[in-house]
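In: What would the 3D arrangement of this be:
(one chain, ligands or ions: 1)
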Amino acid sequence: MAMADLSQLSINQATTRAQWTLREAAEGYARAGVPGIAVWRDKLAECGVGEAARILAGEGLTVTGLCRGGMFPAADPTGLRAAIDDNRHAVDEAVAIGAQCLVLVVGGLPAGSKDIAAAREMVRDGIGELLPHARAAVMPLAIEPLHPMYAADRACVNTLAQANDLCDALGEGLGIAVDVYHVWWDPDLEREIRRAGDAARDGHKRILAFHICDWLVPTTDLLLDRGMMGDGVIDLPKIRRWVEAAGYEGLHEVEIFSAENWWKRDPDEVVRVCIERHHSCC
Ligand code: ZN
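Out: Residues are numbered from 1 along each chain as shown. Take a look at the predicted model:
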């Protein structure tokens, strides 16, 4: 089993979102020796962007991502326009806190629609419209393919192949967040991770983030029942080897939405278990 050392660990603040504010999370992770954090925009808004930037820099944390931009599809032009504006704002926030990427959860079907192909076109066009602003700001956009159970309401990009196709079509400034929870089941996963690695050029890597947790059996809630690494069925060392073979050298970001378990525990204990499991199971 590969030994992971603490220097490669980041914790997505969703993992302690029920317990900790942004300041508390930054201080708590740093106190435990965790070098990275990923930030959520609602927590960022609550803290204030300037104050958050000071806290994160003060704790010396690497910000592995800002969650999240995206949600492009809309029922009408006003909605499409609002989504682009909000994404431009998210890019600026990501720059302000020194995030390594802005994570895109691309959105699902607009209200009243059954046309998933049209939603996917809106996603492609929306990212295309956002990219010039992101490139000018030097903020990479990371498409996060989501498990197909979220295709209707969260993301109609559901496989790494789809994300790779979008990156091929739209070009520089766009990459992928590989979240094991969403892609572990995919028979093409190894091949598409390799494809993402092969697409790196001019120092620009396509795999921009690596999110870890586990898939519990049974899963009791579609959104809020993710498992701690080691408690489920995902072969984490194998997927880690694939992303590293594809050239990924960034941190491993623990992202656990867990309303009935981890969100009810002492957050310092949650962080301690993240560290232990990252060592023993990843
Ligand atoms: Zn994720």
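In: Report the distance from stretch 196-205 to the chain centre.
Out: 19 Å (CA atoms, centre = their mean, to the nearest Å).
In: Next, the distance between the ends of it.
Out: One end of stretch 196-205 to the other measures 8 Å (CA to CA, to the nearest Å).
In: What residues sit buried inside it?
Out: Within stretch 196-205, the residues that qualify as buried are 196, 197, 199, 205, counting by 16 or more other CB atoms under 10 Å. C-beta: built from backbone N, CA, C; applies to glycine.
In: Count residues in the vicinity of residue 117, would you?
Out: 7 (other CB atoms under 10 Å).
In: ok, it to the ion distance?
Out: 25 Å (CB to the ion, to the nearest Å).
In: just residue 185 next, same as before
Out: Counting by CB to the ion, the gap from residue 185 to the ion is 15 Å.
In: mind listing what that residue touches?
Out: By CB atoms under 8 Å, 6 or more residues apart in numbering, residue 185 lies in contact with residue 147.
In: Would you double-check that it falls in a strand?
Out: No: with DSSP: H, G, I helix; E, B strand; the rest coil as the criterion, residue 185 is coil rather than part of a strand.
In: which phi and psi does it have?
Out: Note on residue 185: its backbone torsions stand at phi -80, psi -10 [degrees, to the nearest 10].
In: try the one 5 residues further on
Out: Dihedral angles of residue 190 (phi, psi; degrees, to the nearest 10) stand at phi -60, psi -50.
In: check contacts around it.
Out: Contacts for residue 190 (CB under 8 Å, 6+ apart) come out as residue 242.
In: And the buried residues of stretch 196-205, which is closest to residue 106?
Out: Closest approach to residue 106 among the buried residues of stretch 196-205 (CB to CB): residue 196, at 16.7 Å.
In: and that closest one, what element?
Out: Per DSSP states H and E, residue 196 falls inside helix 189-198.
In: can you give me the mean pLDDT across whichever helix or strand comes after that helix?
Out: Per DSSP H and E, the first helix or strand lying C-terminal to helix 189-198 is strand 207-212. Averaging pLDDT along strand 207-212 yields 98.
In: again with stretch 161-168
Out: Average pLDDT, stretch 161-168: 98.
In: In that stretch, which residues are buried?
Out: Neighbour counts over stretch 161-168 (16+ other CB under 10 Å) mark 161, 162, 163, 164, 166, 167 as buried.
In: Go ahead and confirm residue 43 touches residue 19.
Out: No: the criterion here is CB atoms under 8 Å, and residue 43 misses it with residue 19 at 11.7 Å.
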